[in-house]
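In: Everything below, folded, please.
(chains A, B and C)
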Amino acid sequence: MKFHLPKRVLTLGLVGLWLGSALSFGQWAQGRTLTIMTFSDEFKTNGVIADFEKLTGAHVDLRVVPNEQYMNKLIPLLRTKRDVPDIFVGEAGYIKEVVNLGQSVDLGGAPYYASTDNQYPYAAEMGRDKSGVLRALTWQTTPGGLFFRRSIALKVFGTDNPVEVGKHFSTWSKFIASGKLLAKHGYYLLPEAGDLGSVFFANKKEPYFDANHNWHLDPIIKKYFEVAKQLRDGNMDMKLSDWSAPWMDQMNTPPGKAKVFAYLWPTWGLFFVLSNQKESLGDWGICHTPLDWYWGGTWLNIYKGSPNKDLAWAFISMMTQNEPYMEKLALRTGDFSSDKVVVNTIMDHFNNGDPAGVLGGHQNHYKFFAETADKIDASGVSSEDRVINQVVGSVLDDYLNNKFPNVDAAMKEITTRVQQMYPDMNY
Amino acid sequence: MKRLPRVGYLMLLPFFLAFAVFTIYPVVNTFTTSFTNDSLTSLNPAHFIGVENYQHELASPLFWKTFYNTWAIWLPNIILQMALALFVAAVMTNYQIRLKGKGLFRAVIFFPNIVTVTTIAILVYALFDWQSGAINQLLFGSNHAKYINWFSHGYWAQLVISGVQTWMWFGFTAIMLISGIQSMPKDYFEAAVLDGASDSKIFFGIVLPIIRPVMVYIMITSLIGGMNMFDLPWVLFSNTGGPDQGAMTMSVYMYSRAFTWDQNLGAGSAVAWIVFAIIGVFTLAYLRVTYGKENAEETMK
Amino acid sequence: MSQTTTHTTAHHQHYAVPKSFIGKRGITIFSYGLMILLGILCAIPFYLMFINATRSNNEIFSGVSFLPSNHLVDNFMNLIFGKVSAVDKSVRGNGLNIPQGFLNSAVIAVSATLLSGYFSAMTAFCFSLYKFKLKKILWGLIMVVIMLPPTVGLIGYFKLISGLNMLDTYWPLILPAIASPFAVFFIRQFITGSLPISLVEAARIDGAGEFMIFNRIVLPLSMPGIATVSIMGFLGSWNNYLGPLIVLDKKSLFTLPLLIQQLNTTLYNRDFGAMYMGVALSVFPILIAFSILSRFLIEGISSGAVKE
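Out: As a prediction, the model looks like this:
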């Protein structure tokens, strides 16, 4: 520490100087180009790029690569070290893979000293590599909840108050019991039992492979299979495959015609998906599931070899360190911020409900998500999650279709398949 | 056969130049990689590990499962595709059946080949959705109890992919057969008719031998394409292989091994060469069966 | 030279399949029935695709429909000018320049097809009519490459392209077409199967050089084969997704499949209406062109190309 302190002070001074010059001279990066490679066009649609260009005078070149292809595009670029963008990103499913490539700068160190003090712990945790170095930052968190139909809740549980409804889903046994009750009334608790995956995957306590390459199948996966199987066998799910047309369609049925009681969505499900379901607007409420969870999110990295690190950092610090700007952005988009201070400041703006009117009864989604975000623990996420979670989902489908005599046989099948995929690990 | 004159070498040059640069180089790269532990994630240089990758892959039960899957998708497809194509070619070239709208038909059977596989995947999901898809509605009407969940069992998934392949390719195969039949010189046929040859004799004695080169081409390219089948299973099920891992073909396995799972480029490259060897063996075997021993080698030369 | 070729031509050679194979009335009806069924099977997905281009996202989710809806203009606007921004309703963002994509795809596919057709025929010509040193080895090499899984050269290909400084250009998508082993294989089969050697020999006696013989006799005579294999080449290039994805970064260079895939970048706000519209727009001209050209093409296979 002794040795680091002067350096840090010096750099802080330099950054201060640099910021000062930025302020006094205005568009300090006139004529320069910042390249960002991401998997959606949201930086354009939410006005972030326009803001940044106005602030710095730089031009932003946004490259959009489909999410499924993102890693296949990024890795060859990094290997050949050509045309690597200044900023590349990682989605929750593969951010660990990205930071563990070791090609992103250490944002916690000089000259950036990014602060994660106000961030929700899991949001900061996800951006750290295997050895704990902070390599990626995010501006949003994506906690999830059970989005239920108020009209059905009123009929079956006698209340549509989210807190009261939540009491029927606070443990897994209550969850199943409520599913049975719904089935008795001719409703399905969920569109598909497998949808619970995002809840359970987010609650893995340990990575699939530990530091010594030993395979570890978290017991939470077994719980996932048991709950899903109970749902399926009790006819509590509608067996609609996720993202399929009927799965989407059930979300858009008017209150009297809905057959599916609830969908599991994170924050973005509210803004991007439910807000487009015109027939069901106002019929939704959110309550907690037995476990707290998240789904998705985008983390920003600066490429080690980038000649524009200062510009890249200007962008990332605007998005993740500059609280006034983060407030402005969150209010503009309704996105759920990763910064606790920002969340607490703007929370009351949503006392009348979300802007699109998805939620009925003036439920404040910001308050709801804030309760969850703090409790999420992402320590069990690792590089292999994207691939292995997919396999677990695939084995679950086979299990729900009665391919295995019992849940232990299904667990064994997961291990067998993973062993074939990662033969060099210890099992 | 005449010796190739000097100008002939110049004529071969553009092909082999482009071939060496854009094909041979990546392929050689693959070959040398297959003897190393090169990995996508480690940015360190790879080192030589001999035939370890080959040994490991040949002993892998999953690899042999994908071998089975690949055949289970290709075989029904080629049989049905060939039967449909022969039928269409026979009808279209028969002067006694004057079908109206032949031109339109020829264009229409080619349509499935025009769209990208990602588009086809969207349509497959929409049509084969087991609760709302058109296929079950067509097959079983409103008898919901009979509806087949097409993506619940490996064999159904294989059948769906196989069927889509047939749908995509029978038109092209038919058009090639038609071109083969119509390239037959008129005199052959006239002479045979004058000799009083029976119809079946003409078909098996003249038509089949004439279209044999085309059939051989179709069979071999289909075998190669079938053994390398990647796009459709991949866009439908990605690296999971779908239900029972039934849609995991050898190429999906190879790609996943190299780029998705432990990103082992060495192992993936070894699988590529094993697949290649399998294709080579079956191609030769096929040629021997159709042409006899000596001619088989001739065709490959 | 062309007058020597006329004796092999015939206008209508619709007799190759014997009578007993098909021919009786019942069989005719059966043939009609099966052909119509096959035709419908091939056309229906396209019909549904065009119908879906007129439907809204939610309508598409509600199931298959055979009747068009009224969102044609919306979908078109969303595709070309982008979706209405959720932040400011007067702003549309991220439209796709479909005409530009069309032009890009056409430049690549047409150049690749022409190069592939010409050079494959030339190479096949040398292989089928001459013997030369290394012939067996070179042909073996071509056969070996045909059988290799195409996805495996991916990393090597990328290293090569960036090494040649060809990233973000069309060269790596066009030049490899010069060496199309499949096309060479097919055209060689075609030449061996149906090219009358006597014509070539007659030309030699007339004193024509080999390059001349290829251009004047073999090329036109092989047109049916070249055309057949070129359609595949054209479609392969037109629909190629992985190649352009690896090579191209600038949006202004994007081909149609890459542009349309832009609508697919995020699962949760995917606009299926606009996507079907994009696919329909990219397929429609091909369908029309093919419907017109296929007539000449397949007629040509029996006679047209040989006559001059």
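In: Low-confidence ranges, the stretch 51-200 of chain C, go.
Out: In the predicted model of the stretch 51-200 of chain C, residues C:85-94 satisfy pLDDT under 70.
In: phi, psi of the residue of it found nearest chain A?
Out: Per C-beta to the nearest C-beta, C:Phe61 is where the stretch 51-200 of chain C lies closest to chain A, at 4.1 Å. Backbone N, C-alpha and C define where each C-beta goes, glycine included. Backbone torsions of C:Phe61, given as degrees, to the nearest 10, read phi -70, psi -30.
In: Number of residues surrounding it?
Out: 21 (other C-beta atoms under 10 Å in any protein chain shown).
In: ditto for C:Leu134
Out: 11.
In: what's the distance between it and C:Leu141?
Out: 9 Å (C-beta to C-beta, to the nearest Å).
In: any chance you could map the helices in the stretch 101-250 of chain B?
Out: B:102-108, B:117-128, B:134-140, B:154-182, B:186-194, B:199-202, B:208-227, B:231-237, B:250-255 (DSSP state H, counting those that start in this stretch).
In: What is the longest one packed up against?
Out: Based on contacts counted as 3 or more C-beta pairs under 8 Å, 6 or more residues apart in numbering or on different chains; DSSP states H and E, the elements that helix B:154-182 packs against are helix B:61-93, helix B:117-128, helix B:208-227, helix B:231-237, helix C:25-52, helix C:219-239, helix C:272-299.
In: Let me see the mean pLDDT of that helix.
Out: Helix B:154-182 carries an average pLDDT of 90.
In: Can you mark which positions in that helix are buried?
Out: Using 16 or more other C-beta atoms under 10 Å in any protein chain shown as the test for burial, helix B:154-182 gives B:154, B:156-182.
In: Now do the helices in the stretch 51-200 of chain A.
Out: Counting by DSSP H, counting those that start in this stretch, the helices of the stretch 51-200 of chain A are A:70-80, A:95-100, A:121-125, A:150-157, A:162-167, A:172-184, A:197-201.
In: could you dump those helices to JSON lines with distance to chain B?
Out: Shown next, in JSON lines, are those (distance: least, C-beta to the nearest C-beta, whole Å):
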{"stretch": "helix A:70-80", "distance to chain B": "5"}
{"stretch": "helix A:95-100", "distance to chain B": "8"}
{"stretch": "helix A:121-125", "distance to chain B": "21"}
{"stretch": "helix A:150-157", "distance to chain B": "20"}
{"stretch": "helix A:162-167", "distance to chain B": "27"}
{"stretch": "helix A:172-184", "distance to chain B": "17"}
{"stretch": "helix A:197-201", "distance to chain B": "13"}
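In: Turn those helices into JSON lines, including distance to B:Asp187.
Out: Output for the helices of the stretch 51-200 of chain A, formatted as JSON lines (distance: least, C-beta to C-beta, whole Å):
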{"stretch": "helix A:70-80", "distance to B:Asp187": "56"}
{"stretch": "helix A:95-100", "distance to B:Asp187": "67"}
{"stretch": "helix A:121-125", "distance to B:Asp187": "81"}
{"stretch": "helix A:150-157", "distance to B:Asp187": "79"}
{"stretch": "helix A:162-167", "distance to B:Asp187": "86"}
{"stretch": "helix A:172-184", "distance to B:Asp187": "76"}
{"stretch": "helix A:197-201", "distance to B:Asp187": "69"}
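In: can you tell which of those is closest to B:Val235?
Out: helix A:70-80 (13.5 Å; C-beta to C-beta).
In: In terms of secondary structure, what does the closest one contact?
Out: Using 3+ C-beta pairs under 8 Å, 6+ apart: helix A:70-80 touches strand A:87-91, helix A:95-100, helix C:154-163, helix C:242-247.
In: on that earlier part again, redo the helices of the stretch 51-200 of chain A as a markdown table? Include mean pLDDT and mean neighbour count.
Out: Converted to a markdown table, those look like this (pLDDT from 0 to 100; neighbours: other C-beta atoms under 10 Å in any protein chain shown):
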| stretch | mean pLDDT | mean neighbour count |
| --- | --- | --- |
| helix A:70-80 | 84 | 20 |
| helix A:95-100 | 93 | 24 |
| helix A:121-125 | 93 | 21 |
| helix A:150-157 | 97 | 20 |
| helix A:162-167 | 97 | 18 |
| helix A:172-184 | 97 | 17 |
| helix A:197-201 | 95 | 23 |
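In: Figure out which of the ones you listed is closest to B:Thr221.
Out: Comparing the helices of the stretch 51-200 of chain A under C-beta to C-beta, the one sitting nearest is helix A:70-80, at 27.0 Å.
In: List the contacts of that closest one.
Out: A:37, A:39, A:65, A:83-85, A:88-89, A:91, A:94, A:97-98, A:101, A:103, B:40-41, B:43, B:259, B:263, C:154-155, C:158-159, C:162, C:245-246 (C-beta atoms under 8 Å, 6 or more residues apart in numbering or on different chains).
In: From those residues, list the buried ones, please.
Out: For the contacts of helix A:70-80, buried by 16+ other C-beta under 10 Å: A:37, A:39, A:65, A:84-85, A:88-89, A:91, A:94, A:97-98, A:101, A:103, B:40-41, B:259, B:263, C:154-155, C:158-159, C:162, C:245-246.
In: Alongside chain C, which residues does the stretch 201-350 of chain A contribute?
Out: A:243, A:245-246, A:248-249, A:252, A:268-269, A:271-273, A:276-279, A:332-333 (C-beta under 8 Å from any C-beta of the partner chain).
In: which of these are close to chain B?
Out: For chain B, the contacts drawn from these by C-beta under 8 Å from any C-beta are A:245-246, A:249.
In: residue contacts, C:Phe61?
Out: Contacts of C:Phe61 by C-beta under 8 Å, 6+ apart are A:245-246, A:248-249, A:252, C:272.
In: Show the buried residues in those.
Out: Applying 16+ other C-beta under 10 Å to the contacts of C:Phe61 flags A:245-246, A:248-249, A:252, C:272 as buried.
In: Name the nearest of the residues you listed relative to C:Ser252.
Out: C:Phe272 (25.9 Å).
In: quick one: secondary structure of the closest residue in space to the closest one that isn't next to it in sequence?
Out: Counting by C-beta to C-beta, 6 or more residues apart in numbering or on different chains, C:Phe272 lies nearest to C:Ile60, which is 4.7 Å off, once chain neighbours are set aside. Of the three states, C:Ile60 takes helix under DSSP: H, G, I helix; E, B strand; the rest coil.
In: Any idea how many residues pack against C:Ile60?
Out: Neighbours around C:Ile60, by other C-beta under 10 Å: 25.
In: Would you mind measuring from it to C:Gly193?
Out: From C:Ile60 over to C:Gly193 (counting by C-beta to C-beta), the distance is 47 Å.
In: In contact with the nearest residue to B:Ile120 once chain neighbours are set aside, which residues?
Out: Nearest non-adjacent residue to B:Ile120, counting by C-beta to C-beta, 6+ apart: B:Val164, 6.6 Å away. Contacts here follow C-beta under 8 Å, 6+ apart; on that basis B:Val164 touches B:120, B:124, B:232.
In: Can you select the buried ones from those in PyMOL?
Out: Typed into PyMOL, the next command selects the buried ones out of these (criterion: 16+ other C-beta under 10 Å):
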select buried, chain B and resi 120+124+232
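In: Show me which of the contacts of B:Val164 is closest to chain A.
Out: Nearest member of the contacts of B:Val164 to chain A, counting by C-beta to the nearest C-beta, is B:Val124, at 11.5 Å.
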